[in-house]
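Participant: sequence plus predicted model, see below.
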Amino acid sequence: KPRLRHAWNEDYLRTYVERDVRQLVNIRDLSLFQRFVSLCAGRTGQVLNSSSLGSDAGVSERTARTWVSLLEAAGILFLLPAHHRNFNKQVMKSPKLYFCDTGLACHLLGLRDSKTLSVSPFAGSLFETWAVGELRKLWMVRGERAPLFWWRDSAGLEIDLLVDLPEGL
C-alpha cells in the first residue's frame, strides 16, 4: 500500500504541475517550481518569509510571493494570518504557511511511513498543520471563513492557533 500511495502522490504532483499550473501561469522551469513546492512543504507550520523561500528556491522574492499565491489559489496550501486585535505587544504580522494535505506534505518531504514521520524533525510542524487544517475545515464545510489566527509577542511567546470568536459565543 505505501507503493500505491507513493504512486498516487507522484501522479497528482505531475498532473498538477505539468497541466494545471501551466494553465494558470506561465512557468518556464517546472523542475524549479517542483523544488519550490517541496521547500514550501518543509516550511509548513512556519511563518512565511518570501525572501528566504525565494532565495532557497533560486527565484526572486516577487516570484516566491506569486507562486505562494498560485499554490493558495489551487488549494495546495493556505496562509494563517497573524492576529492583531487587542494585543499591544504583537510583533509578527506575517502569516504562517500550511499545506492543506499533510499526506502530500509528507510525500514531498520523503516521509513514507509513520515510523519515519515519528522521528522526523518535521513531525511537530506536520501535526500542527494537520490540527490547524482540521479546524479550518469545520468552518469551510459551513461555508464560512474560519476565524483562525496565530500570534507571537515581542518576547517570543507564541500561540500557534487562536480562534477569534465573536463576543457572546
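Facilitator: Thanks, I have it.
Participant: residue ranges with poor pLDDT in this structure?
Facilitator: Low-confidence segments of the chain (pLDDT under 70): 17, 22, 85-91, 168-169.
Participant: okay, strands next: where are they in it?
Facilitator: 46-47, 77-80, 96-99, 148-152, 158-163 (DSSP state E).
Participant: deepest-packed of those strands, please.
Facilitator: Stretch with highest mean neighbour count among the strands of the chain: strand 96-99 (a mean of 25; mean count of other Cβ atoms under 10 Å). (Each C-beta comes from the backbone N, C-alpha and C, glycine too.)
Participant: what lines up beside it in the sheet?
Facilitator: Next to strand 96-99 in the sheet, as set by DSSP bridges, lie strand 46-47 (antiparallel), strand 77-80 (antiparallel).
Participant: once you drop chain neighbours, what's closest to the residue nearest the centre of the chain?
Facilitator: Closest residue to the average C-alpha location of the chain: Y98 at 2.2 Å, with Cα atoms, centre = their mean. Leaving aside its sequence neighbours, Y98 sits nearest to T129 (Cβ to Cβ, 6 or more residues apart in numbering; 5.0 Å).
Participant: now do E10
Facilitator: In space, E10 is closest to H107, 7.9 Å off (Cβ to Cβ, 6+ apart).
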